[in-house]
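Enquirer: prediction below, plus the sequence it came from.
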Amino acid sequence: KAGVTQTPRYLIKTRGQQVTLSCSPISGHRSVSWYQQTPGQGLQFLFEYFSETQRNKGNFPGRFSGRQFSNSRSEMNVSTLELGDSALYLCASSRDRVNYGYTFGSGTRLTVV
Amino acid sequence: AQSVTQLDSQVPVFEEAPVELRCNYSSSVSVYLFWYVQYPNQGLQLLLKYLSGSTLVESINGFEAEFNKSQTSFHLRKPSVHISDTAEYFCAVSAITGTASKLTFGTGTRLQVTL
């Protein structure tokens, strides 16, 4: 079966711009989570959506937002980009809770210049 | 809140030698425990998980981890590594409360296997 698909794979943006990243979960998975991975901070939880509702949220500023559609696809948006937002953004999907196991996508590499 | 400490940032080892990657966690509530592996330019892959029951869990590719509640540890072991095991390994926990949907990761251990 198809895995978690993230688009685009690579993105270069300028400071102050905004960006939208997309994630298509595995068919049947209703939970979608987003993580930011950087060399300095490691893997940090951004937020999780389940059946179109944000169920959990990490400690990121309001510039980071997300949503989930009725088909479970999810998008995350970062407004007013800063250099420090450069990171690998990973999306993960699961049937429900984390004990079912998360399947991660290959990520979107965002570079802010 | 939960936290995870991976004591070794890098572990060099020769092929066919045994390896142990250490993971300790801190939590005021019970947790689920996971090991994920990340190959270059890829996302994370679930290696194994402890939810309940037997404290020793195994993966299909020869790795095993043992949950030790008294020492709050979940060390990953393999008796004989291969070149293909070279990757970054992340230990993670999730609190068994509420929606149990958030993973807290350690900083990772880079396993470098050489001939």
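Expert: Yes, it's here. Numbers count the residues shown, from 1 in each chain, chains lettered A, B, ... in the order given.
Enquirer: which intervals of chain B have sub-threshold pLDDT?
Expert: Within chain B, the stretches with pLDDT under 70 are B:98-100.
Enquirer: chain A contacts on that one?
Expert: Neighbours of chain A within chain B, by CB under 8 Å from any CB of the partner chain: B:32, B:34, B:36, B:41-46, B:49, B:51, B:90, B:94, B:99-108. Any C-beta I mention is one placed from the backbone N, CA and C, and that applies to glycine too.
Enquirer: quick one: which of these sit in strands?
Expert: Secondary structure defined by DSSP state E assigns B:32, B:34, B:36, B:44-46, B:49, B:90, B:94, B:104-105 of those to strands.
Enquirer: how far away is the one residue sitting closest to the centre of chain A from A:V113?
Expert: Residue closest to the average C-alpha location in chain A (CA atoms, centre = their mean): A:W34, at 3.3 Å. Computed as CB to CB, to the nearest Å, the A:W34 to A:V113 distance reads 22 Å.
Enquirer: picking up where we left off before, farthest-apart pair in the ones in strands among the residues of chain B next to chain A, please.
Expert: Within those, B:Q45 and B:T104 form the most distant pair, 18.1 Å apart (CB to CB).
Enquirer: of the residues of chain B next to chain A, buried ones?
Expert: B:32, B:34, B:36, B:43-44, B:46, B:49, B:51, B:90, B:94, B:100-106, B:108 (16 or more other CB atoms under 10 Å in any protein chain shown).
Enquirer: nearest spatial neighbour of residue 91, chain-adjacent residues omitted?
Expert: Picked chain A for this. Using CB to CB, 6 or more residues apart in numbering or on different chains and skipping the chain neighbours, the partner closest in space to A:C91 is A:C23 (3.5 Å).
Enquirer: hm, I was asking about chain B
Expert: Of all residues not flanking B:C91 in the chain, B:C23 sits nearest, at 3.5 Å (CB to CB, 6+ apart).
Enquirer: that neighbour contacts B:G106, correct?
Expert: Yes - taking contacts as CB atoms under 8 Å, B:C23 lies within contact range of B:G106: 6.1 Å.
Enquirer: shared neighbours of these two, which are they?
Expert: Counting by CB atoms under 8 Å, 6 or more residues apart in numbering or on different chains, the shared contacts of B:C23 and B:G106 are B:4-6, B:91.
Enquirer: next, format these as TSV and append secondary structure and neighbour count.
Expert: Converted to TSV, the shared contacts of B:C23 and B:G106 look like this (DSSP: H, G, I helix; E, B strand; the rest coil; neighbours: other CB atoms under 10 Å in any protein chain shown):
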residue	secondary structure	neighbour count
B:V4	strand	24
B:T5	strand	14
B:Q6	coil	20
B:C91	strand	28
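Enquirer: returning to that earlier point: number of residues surrounding the residue nearest to A:C91?
Expert: A:C23: 27 surrounding residues under other CB atoms under 10 Å in any protein chain shown.
Enquirer: now B:N61
Expert: Other residues close to B:N61 by other CB under 10 Å number 12.
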